[in-house]
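Novice: model the structure of this input:
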Amino acid sequence: MVAAHYRHMKIATFNINGVNKRLANLLAWLKKAQPDVACLQELKAEQNAFPQEAIAGAGYDAAWKGQRSWNGVAILSRVGEPVLTRTRLPGDPSDEQARYIEAAVAGVLIASIYAPNGNPQPGPKFDYKLAWLERLRKHAASLRKSGAPVVLAGDFNVAPTDLDIYPTSSWDDDALIQPESRAAFRRIVGRSWTDALRHMHPNERIYTFWHYRRMRWQRDAGLRLDHLLLSRNLRGQLVEAGVDREIRGLEGASDHAPVWITLGQA
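Specialist: Model prediction:
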């Protein structure tokens with residue numbers, strides 16, 4: 001990896017919840033928000049069904065790992081073609097789920113992450129979630145030790161603290177907020193990674209996901225599931241972090257809103 005060679009870089013993550021179904025929403029957001037890099041999750045499209053031409057027409061190169069009907073991750077860039085470094089999370093050769101892709105973009109190593117939901121818990125899906133997050137922790141540690149500037153971006157399917165979910169008991173049995181899930185997220189972050197959105201907004205209730213059911217968007221009954229984690233050598237370059245909340249309120253919207261950061265020159 002070379003040192004970062006950007007002056008100003010906006011990196012976003014967006015669980016699009018069906019890239020073809022919501023292509024118009026995605027293209028409108030790209031045009032309005034102008035991220036330099038956009039990490040997408042839940043493409044719900046097999047490899048050859050990814051809308052590469054439409055995304056290229058919007059000015060973005062893309063690297064993606066598709067999967068029929070569910071999962072799927074991508075990295076879009078308008079600051080140079082993503083140089084693909086990995087299309088799966090190491091640690092379990094039998095895992096065929098398309099949940100991780102990693103590429104170098106403008107001197108920064110960027111991962112697009114779609115962690116398992118884990119419901120119902122307890123059970124095998126929850127066990128898979130915790131095992132997957134532990135694999136991510138180990139891989140993140142190896143990336144950190146490489147010395148490269150790294151951004152881990154995506155839908156981690158964990159609301160890390162009670163500040164990251166609206167006041168309610170209705171989610172108490174959900175995998176997204178279990179103590180084991182939160183502990184797994186804390187272990188990933190550790191002392192070496194910066195949770196960018198929380199770092200910039202330490203005491204605010206900021207949500208990135210609102211379920212379609214029970215008027216949760218209208219009631220602002222949300223959770224913060226989408227995160228951008230920065231390696232220590234990028235922490236001092238973090239200028240801004242935010243959520244494009246209004247995207248969630250549009251017709252035909254994903255149940256997630258895009259989250260973004262701006263990095264400045266070191």
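Novice: quick one: the longest helix seen in the chain to chain centroid distance?
Specialist: The longest helix of the chain (DSSP state H) is helix 124-146. Put simply, helix 124-146 sits 15 Å off its chain's centre (CA atoms, centre = their mean, to the nearest Å).
Novice: same question for stretch 207-223.
Specialist: For stretch 207-223, the distance to the chain centre is 18 Å (CA atoms, centre = their mean).
Novice: for the most centrally placed residue in the chain, which residues are in contact?
Specialist: In the chain, the centroid-proximal residue (CA atoms, centre = their mean) is residue 154; its distance is 0.9 Å. Contacts for residue 154 (CB atoms under 8 Å, 6 or more residues apart in numbering) come out as 13, 15, 39, 41, 73, 111-115, 226-227. No exception for glycine: its C-beta is placed from N, CA and C like everyone else's.
Novice: start and end of stretch 45-65, how far apart?
Specialist: 9 Å (CA to CA, to the nearest Å).
Novice: tally of neighbours for residue 127?
Specialist: 14 (other CB atoms under 10 Å).
Novice: who's in contact with it?
Specialist: For residue 127, no contacting residues are found, by CB under 8 Å, 6+ apart.
Novice: likewise the one 5 residues further on?
Specialist: When contacts are counted by CB under 8 Å, 6+ apart, residue 132 touches 89, 95, 99, 115-116.
Novice: let's see that with 7 Å instead.
Specialist: Shown in contact with residue 132 (CB atoms under 7 Å, 6 or more residues apart in numbering): 115-116.
Novice: and what of residue 233?
Specialist: residue 149.
Novice: residue 76 touches residue 54, doesn't it?
Specialist: No - contact criterion CB atoms under 7 Å: residue 76 and residue 54 do not qualify, at 11.2 Å.
Novice: which one's more surrounded, these two?
Specialist: The neighbour count for residue 76 versus residue 54, taken as other CB under 10 Å, is higher for residue 76 (26 against 15).
Novice: the more buried one belongs to a strand?
Specialist: Yes - according to DSSP: H, G, I helix; E, B strand; the rest coil, residue 76 belongs to a strand.
Novice: where does the stretch 151-266 of the chain dip in pLDDT?
Specialist: Within the stretch 151-266 of the chain, the set of residues satisfying pLDDT under 70 comprises 265-266.
Novice: what about the residue lying closest to residue 133 once chain neighbours are set aside, distance to residue 193?
Specialist: In this structure, residue 133 finds its nearest non-sequential neighbour in residue 184, 4.0 Å apart by CB to CB, 6 or more residues apart in numbering. For residue 184, the distance to residue 193 equals 13 Å [CB to CB, to the nearest Å].
Novice: quick one, strands of the stretch 151-266 of the chain?
Specialist: 193-195, 226-231, 238-243, 259-264 (DSSP state E, counting those that start in this stretch).
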